[in-house]
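**Q** Give me coordinates for this.
(chains A and B)
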Protein chains: 2
Amino acid sequence: MVSETCEAHLSDALAAFVVAARWEDVPPALRHETKRALLNHVGCAIGVAGDPAVRTALEVMRPFSGAPAAAVIGQGTRLDPMAASFVNAIASNLLDYDDTHLATVIHPAAPVAPPALALAEQRGLSGAAALHAILLGIEVACRVGLGVSPGHYARGWHITASAGVFGAAAACAKLLGLTAAQTAHALGIAASQSSGLVENLPTAAKNVAVGNAARNGLLAALFAEAGYEAAPTAIEGPLGWARATGDPPDRAAVLGGLGTRWEAGRNTYKPYPAGIVFHAVIEACLALREDLGGDAGKVESVTVSGDALLLARGDRVVRNERDARVSIHHAASLGLLRGRAGVRDFGMAAVADPALAAFRGKVTARLDADLPRGAARVHLRLADGSDLTRTVTTPQGSLEVPMTDAALEAKFRDNAGLGGWAARADALIEALWSLESAPTLEAWSSLLVPGPGTAAPGS
Amino acid sequence: MVSETCEAHLSDALAAFVVAARWEDVPPALRHETKRALLNHVGCAIGVAGDPAVRTALEVMRPFSGAPAAAVIGQGTRLDPMAASFVNAIASNLLDYDDTHLATVIHPAAPVAPPALALAEQRGLSGAAALHAILLGIEVACRVGLGVSPGHYARGWHITASAGVFGAAAACAKLLGLTAAQTAHALGIAASQSSGLVENLPTAAKNVAVGNAARNGLLAALFAEAGYEAAPTAIEGPLGWARATGDPPDRAAVLGGLGTRWEAGRNTYKPYPAGIVFHAVIEACLALREDLGGDAGKVESVTVSGDALLLARGDRVVRNERDARVSIHHAASLGLLRGRAGVRDFGMAAVADPALAAFRGKVTARLDADLPRGAARVHLRLADGSDLTRTVTTPQGSLEVPMTDAALEAKFRDNAGLGGWAARADALIEALWSLESAPTLEAWSSLLVPGPGTAAPGS
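**A** Residues are numbered from 1 along each chain as shown, chains lettered A, B, ... in the order given. Next up, the predicted model:
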């Protein structure tokens, strides 16, 4: 049996797992984790409902949509499942504020959840079916990504998109009730649609690739359902996906412990809309601000120490939102001066805030190779000559200290406020927590797309 | 000036060329070549109008189409430009009977012509505008492909799809009248949508990637028009398309002689629906059949000699259409026994024909490293002990002996007959030859999609 598994084609083995999986067999903690991932996903998408990049995606796709059957999060409208998936994936990943599978740096919900929700809504499938599909899709995306990490990303592939399309295909295959053979073909067809470049990450071209991962995963499943086939070795073959994008895949990383080792259980959520390496900096500074009784005026200089990964990022020059989200100096200044680090604190108004700009000038970054990855030490020299130091090794949102459900709800409410959906935040949160028992997604969708006579929030 | 050009970003330099290009400056021979490429393209798509793979593509895409504004070739119906592009690209490339840019093995019309025609039809643009966009799109696809050849394909990338998307984006950018900056962004967005695997070529997953190249190239241009940007180094950057898919690009191959060296002028068309390396075999056998007075009954044995590329392909075992199209033995048998090698001669009936099967058993293949690439020598031993030999080095359809316009028309009529469109073949041919003077594509489209009360051919 073991040797047989070792020789199985990757798409066949993953397909067998997806087809055999049953929601009732999923450990309760993992079911709950799926809901947390979805809550975080939807909140991130709602938070940027008014962002021009999202509005543009909606307007470009609208003329290319068939019958509107799937809600577009935050837009109060529906598109066909492919177009809705495209826009929703873009929105949830726009600020990289969504979930992160740390071992691969995949943001898995963005490509996976939108087509699963859209298909379930269109076909009248249950909330449990949608959640299960999302869980399996996240698992497949992260495993395929793990099988080619870290070389795949290092070579230039934006793994959220390039591996995400496999997860989207798996989720949709499960919802469509495809056979194992069809599901394997869906994964193989997904391989021939995989794309997304790191070079394009600083631009909106990133969004298109993430949107494509979602809609093309759905397309792969639909074509497999209609009889299209793929090479059984599409992923690992000599001219297949893994080698074409880099190197042969690590089979054990992809297939080992299927159904017992859950990569979907290693998903994390960000409390701050900044690069994950900056989270320890922010939390150390928040703690120091409390040590100072809330008065950062006494601070003469700030020294942030961290490992090479932290030091490799960021610069004192902060010209725009993107710079702010990868700036040690901005992150530290927010924690000390504002006592918070939300979406608005990385916006253009914050970038241009003279007080913050002046404070960024007090911050110095220094390598401390002895600090573990993800950790930060912040040392303050005060006006009276005294010193204060705080070290954070496992910030909130890390695997060791996951965001609590309450913190995820607070993040959702904050996002809902940003997107103009504050009035519906509690109803949406409640609908998400109870989605497992919803016979269809109708109630959920009607919250996102109010009927005639009801003004859509955020519009 | 030269050094400036050398340092230009690839997408910027290609965009500048596309934006500055004027149809009236294009040499007449190249204008005519564009019409020939289009005639061949449309004929190939019509020929497979009844193929299940094409019908499936149409049915899968239909629910995901917005307003029907673009003709689907051979189907008597319209879809939105993205969906129509997807199906038309699949149809024209289905049998690899379409055009071939030999230096890259790109089939350039399949990804490029469908979105150009669809967009021109939807927007009421002229036939000349559509032709010019197709020419420029073919040029860009072939140049980008040339810049990464032969390593890109050898690594596993189906270059028709993976480079084709750049051509589709360029063609659509031209038709939309984008600025040079927008056109460069369209090419950069295309880079993040490039995909398609050689591993999947024996399967229908190939079709999806070719269809995607067409529709996603259009999408790239639409997003660039709407303000989305891409990295200026999306193609050649350290984490950009060329390196992610293989190696740094050959800048001279991509940019050298823009506007004077025309890769689009090196496009070729196949007289036989088989691998190009088999064309010399077929023609040598057709000539030998004439030498025999049409009677292959006297043949005792057949020895086909060719270079390593020919010998690397094919096998005596022919189980299906795909095997037949890459079989030296089948190709030789057709030439000698049937005196023709059309689409039907590679179909399942021919595969199962006992006379052909027996004749294939008489054929032996032998390496002759002294023969140039693409050449073949066929030697017959006859029942009376005598010998006959023919050598073909430049078969019809090669760069040296291009198919004549008359041969392309005959191929179109043959395809029209196969697809059930024989009655419209002459009208379509005439409309294509005169497309340059058509103010819009309306007349052309109305031939493909008859109005109410008129039965669509082939349906």
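**Q** The single nearest residue of the stretch 251-400 of chain A relative to chain B is in what secondary structure piece?
**A** Nearest to chain B, among the residues of the stretch 251-400 of chain A, is A:R322, at 12.4 Å (CB to the nearest CB). C-betas here are computed from N, CA, C, even on glycine. A:R322 belongs to helix A:321-325 when assigned by DSSP states H and E.
**Q** can you check A:G217 too?
**A** Judged by DSSP H and E, A:G217 forms part of helix A:205-225.
**Q** next one: A:A71
**A** Going by DSSP H and E, A:A71 is in strand A:70-72.
**Q** Give the pairing partners of the helix or strand following that strand; include direction for each.
**A** Scanning forward in sequence from strand A:70-72 by DSSP H and E, the next helix or strand is strand A:77-79. Here strand A:77-79 is paired, per DSSP bridges, with strand A:70-72 (antiparallel).
**Q** and the residue of the stretch 251-400 of chain A closest to chain B, how many residues sit next to it?
**A** By the criterion of other CB atoms under 10 Å in any protein chain shown, A:R322 has 16 neighbours.
**Q** and it, what pLDDT?
**A** With respect to pLDDT, A:R322 scores 84.
**Q** Likewise for A:S3?
**A** 42.
**Q** same question, the one 4 residues further on
**A** The confidence metric pLDDT takes the value 78 at A:E7.
**Q** What residues of the helix holding A:R322 count as buried?
**A** A:R322, A:D323, A:A324, A:R325 (16 or more other CB atoms under 10 Å in any protein chain shown).
**Q** Show me what that helix is packed up against.
**A** helix A:348-352 (3 or more CB pairs under 8 Å, 6 or more residues apart in numbering or on different chains; DSSP states H and E).
**Q** what ranges of the stretch 301-450 of chain A fall below the confidence cut-off?
**A** A:313-316 (pLDDT under 70).
**Q** Show me the strands in it, by range?
**A** In the stretch 301-450 of chain A, the segments counted as strands under DSSP state E, counting those that start in this stretch are A:363-367, A:376-382, A:387-392.
**Q** now, which of the buried residues of helix A:321-325 sits nearest B:D295?
**A** Set against B:D295, the nearest of the buried residues of helix A:321-325 by CB to CB is A:R322 (76.2 Å).
**Q** Can you give me the distance of that closest one to A:G257?
**A** For A:R322, the distance to A:G257 equals 38 Å [CB to CB, to the nearest Å].
**Q** What of A:S333?
**A** A:S333 is 44 Å from A:G257, by CB to CB.
**Q** And the two? Which one has more around it.
**A** A:S333 (30 against 10).
**Q** what number of residues lie near the nearest residue to the more buried one once chain neighbours are set aside?
**A** The shortest distance from A:S333 to any non-neighbouring residue, by CB to CB, 6 or more residues apart in numbering or on different chains, is to A:F359 (4.1 Å). A:F359 has 21 neighbouring residues, counting by other CB under 10 Å.
**Q** which residues touch A:N93?
**A** A:C44, A:H107, A:A110, A:T160, A:N207, A:V210 (CB atoms under 8 Å, 6 or more residues apart in numbering or on different chains).
**Q** can I get the CA coordinates of the helix holding A:R322 in PDB?
**A** What follows is helix A:321-325, C-alpha atoms only, in PDB (Å, rounded to 0.1, in the frame of the first residue of the first chain):
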ATOM      1  CA  GLU A 321       0.500  52.900   1.300                       C
ATOM      2  CA  ARG A 322       2.600  50.000  -0.200                       C
ATOM      3  CA  ASP A 323       5.800  51.400   1.300                       C
ATOM      4  CA  ALA A 324       4.000  51.900   4.700                       C
ATOM      5  CA  ARG A 325       3.000  48.300   4.800                       C
END
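**Q** Tell me where the model's unsure across the stretch 51-200 of chain A.
**A** For the stretch 51-200 of chain A, no range has pLDDT under 70.
**Q** quick one: contacts for the residue in it that chain B sits nearest to?
**A** In the stretch 51-200 of chain A, the residue that lies nearest chain B is A:G156 (3.3 Å; CB to the nearest CB). Neighbouring residues of A:G156 by CB under 8 Å, 6+ apart: A:L197, A:V198, A:E199, B:P238, B:L239, B:G240, B:W241, B:R243, B:A244.
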